[in-house]
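# Take this sequence and fold it.
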Amino acid sequence: MQRSFSTFPSGWPGAGLLLLRLTVGTTSLVEGFYSLTTPEPPTWGLRIGSGLAILSGLALLIGLFTPPVAALLSVGNTAAAFLPLRTTLFYPFGSWLALAFFIVMATAIVLLGPGAFSLDARLFGRREIVIPLAARPPAS
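As a prediction, the model looks like this:
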């Protein structure tokens, strides 16, 4: 996973990535829960899509496997936008413009990575290798 990113930025850039992840993750959770609680009975496809949206939202909130999860959200919402289920699945977005912003933000997360304030940074972040003095060759 570390090879996917040059760094896991901290400070203000890391806070910006955290804010972006929180926004997309929360929106995905709301979308998934709303789709399951509509008055009309959910189909199997809608249940699977809603379940994936909820799991993806939770993964983004904690920053776990961020690039693949954000890619799943981006591609899934782009594909689902052209399905006839748009009125049920995308009601939280309210408009095509809001849906487009969501897709762009999810794509930005794919390209930028999770940042330092994520579980990915803890699991796959940069490591410092300390070489003990005894293992070094004698100075000449």
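
# Now the element after the helix or strand hosting residue 101, going C-ward?
In the assignment (DSSP states H and E), residue 101 maps to helix 96-112. Counting by DSSP H and E, the element after helix 96-112 in chain order, helix or strand, is helix 119-124.

# roughly how far is that following helix from the heart of the chain?
Offset of helix 119-124 from its chain centre (Cα atoms, centre = their mean, to the nearest Å): 14 Å.

# CA-only coordinates of that helix, as CSV, when you get a sec.
Extracted C-alpha coordinates of helix 119-124, given in CSV (Å, rounded to 0.1, in the frame of the first residue of the first chain):
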residue,chain,number,x,y,z
LEU,A,119,-5.5,3.6,9.9
ASP,A,120,-3.7,3.2,6.5
ALA,A,121,-0.9,5.5,7.7
ARG,A,122,-0.5,3.3,10.9
LEU,A,123,-0.5,0.1,9.0
PHE,A,124,1.4,1.0,5.8
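
# returning to that earlier point: mean confidence for the helix holding residue 101?
Average pLDDT, helix 96-112: 90.
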